[in-house]
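Chemist: here's a sequence, model it:
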Amino acid sequence: MDRLRALEVFVEVVKRDGFARAAEALDTSPANVTRYISDLEAHLQTRLLNRSSRKMSLTSSGEALYERAKSILADVAEAEAIVSTATLQPHGLLRINAPLSFGVLHLAPLWAKFMRLYPEVQLDVSLIDRVVDIVEEGYDMAVRISRAGSAANVARKLATSRNVLCASPDYIQQHGMPLTPADLLQHACIGYSYAATADEWQMLDASGQPHAVKVNYTMRTNNGDTAVAAALGGLGVIWQPTFLVGADLRAGRLQRVLPDYHMPDMDVLAVYPSRRHLSAKVRVMIDFLVQELAGTPWDDAP
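Modeler: Sure thing, here's the model as predicted:
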């Protein structure tokens, strides 16, 4: 008896609630299905199914085996997928979602290199700052920047992004430099609409003590580039990631505010629906991004 095949037949019978429907799903005959179940019960020396002409139900032994068999079959499928995707040439359409600013600044320059490495893959890149439902909206994977990870999907870390407070030298010259988090209450602040903490800015001092300040927004935007442009124009203080403001800090166009305090770091993540049956095109893209984003230059910011 092929025990793995017998487990597959058994699981299908339970899922389909019948021998005939299981036979149809497995593209075999009801007689073969019956034989597999009988052989499995004989091998285990226990009845797995209570069956009559009108009704079928699991015995207690059948219930225990059903849950374990589903897990075993899933593990086998995952092992087969790992081997097959390692040998298959990546190909086909790869739909990726990423945040707008990060996608323009740090992902767009990488696509040509990726496509030279994998010419059989066609990219469809969508840049949207809101968090999308990968499965519902038809994406193969997404790049996200988050402290919370992803509860609904599998996530692999690509890089770390520091967050900093900064303002233009002109703004600081006119309004003074805040010396403590509480001083921010006296300053114009520019908010990011998708920030998880809304108008409460959270930071840690050198000893790790947390500080939280509810700032007053003179402007709010759902786009990081817009917030940076407003800060460069002298409109106020921003809290933005170094991947967005690093170049301006190095060039002196922006200046760190409260440099003795630091904001919580964010993870740059590759997010995808499941480890099981991960396609070759998604696997090579994630490996490529891990390599390309290692030692990222945005953290050279002062």
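Chemist: from here on, just use CA atoms for contacts and neighbour counts.
Modeler: Noted.
Chemist: shouldn't residue 281 be within a helix?
Modeler: Yes - under DSSP: H, G, I helix; E, B strand; the rest coil, residue 281 falls within a helix.
Chemist: show me what contacts it?
Modeler: When contacts are counted by CA atoms under 8 Å, 6 or more residues apart in numbering, residue 281 touches 90, 91, 92, 94, 121.
Chemist: as JSON lines, those with neighbour count would be great.
Modeler: Converted to JSON lines, these look like this (neighbours: other CA atoms under 10 Å):
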{"residue": "90", "neighbour count": "20"}
{"residue": "91", "neighbour count": "15"}
{"residue": "92", "neighbour count": "13"}
{"residue": "94", "neighbour count": "18"}
{"residue": "121", "neighbour count": "19"}
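Chemist: quick one, grab the pLDDT at residue 255.
Modeler: Note on residue 255: pLDDT of 96.
Chemist: repeat for residue 52
Modeler: Looking at residue 52, the pLDDT reads 72.
Chemist: likewise for the one 4 residues further on?
Modeler: The predicted local confidence for residue 56 comes out at a pLDDT of 83.
Chemist: ditto for residue 230
Modeler: At residue 230, pLDDT is 96.
Chemist: report the mean per-residue pLDDT for the host helix or strand of residue 212.
Modeler: Using DSSP states H and E, the secondary-structure element containing residue 212 is strand 210-214. What strand 210-214 shows for mean pLDDT is 90.
Chemist: direction included, what does it pair against?
Modeler: Strand 210-214 has the following sheet partners, assigned by DSSP bridges: strand 200-204 (antiparallel).
Chemist: who's in contact with the strand it pairs with?
Modeler: 210, 211, 212, 213, 214, 215, 261, 262, 263, 264.
Chemist: secondary structure class for the last one?
Modeler: Residue 264 falls in the coil class when you classify it by three-state DSSP.
Chemist: which one of the contacts of strand 200-204 is nearest residue 1?
Modeler: Taking CA to CA as the measure, residue 1 sits nearest to residue 264 out of the contacts of strand 200-204, at 57.6 Å.
Chemist: so which bits of the host helix or strand of residue 22 are buried?
Modeler: For residue 22, the host element (DSSP H and E) is helix 19-26. The neighbour-count check on helix 19-26 (16 or more other CA atoms under 10 Å) flags 19, 20, 21, 22, 23 as buried.
Chemist: wait, the third one touches residue 14, no?
Modeler: No - checked against CA atoms under 8 Å, the pair residue 21 and residue 14 is beyond contact range at 10.0 Å.
Chemist: distance check, residue 214 against residue 52.
Modeler: Distance of residue 214 to residue 52, computed by CA to CA, to the nearest Å: 68 Å.
Chemist: just residue 206 next, same as before
Modeler: Where residue 52 is concerned, residue 206 sits at a distance of 72 Å (CA to CA).
Chemist: so the protein: which segments form each domain?
Modeler: Domains of the chain are assigned by automatic domain parsing as 3-87, 92-157+266-300, 163-256.
Chemist: one step back: can I get the contacts of residue 281 in a markdown table with pLDDT?
Modeler: Below are the contacts of residue 281 laid out as a markdown table (pLDDT from 0 to 100):
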| residue | pLDDT |
| --- | --- |
| 90 | 87 |
| 91 | 86 |
| 92 | 89 |
| 94 | 94 |
| 121 | 94 |
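Chemist: sorry, back to before: which of the contacts of strand 200-204 count as buried?
Modeler: Here, 16+ other CA under 10 Å leaves 211, 215, 261, 262, 263 buried among the contacts of strand 200-204.
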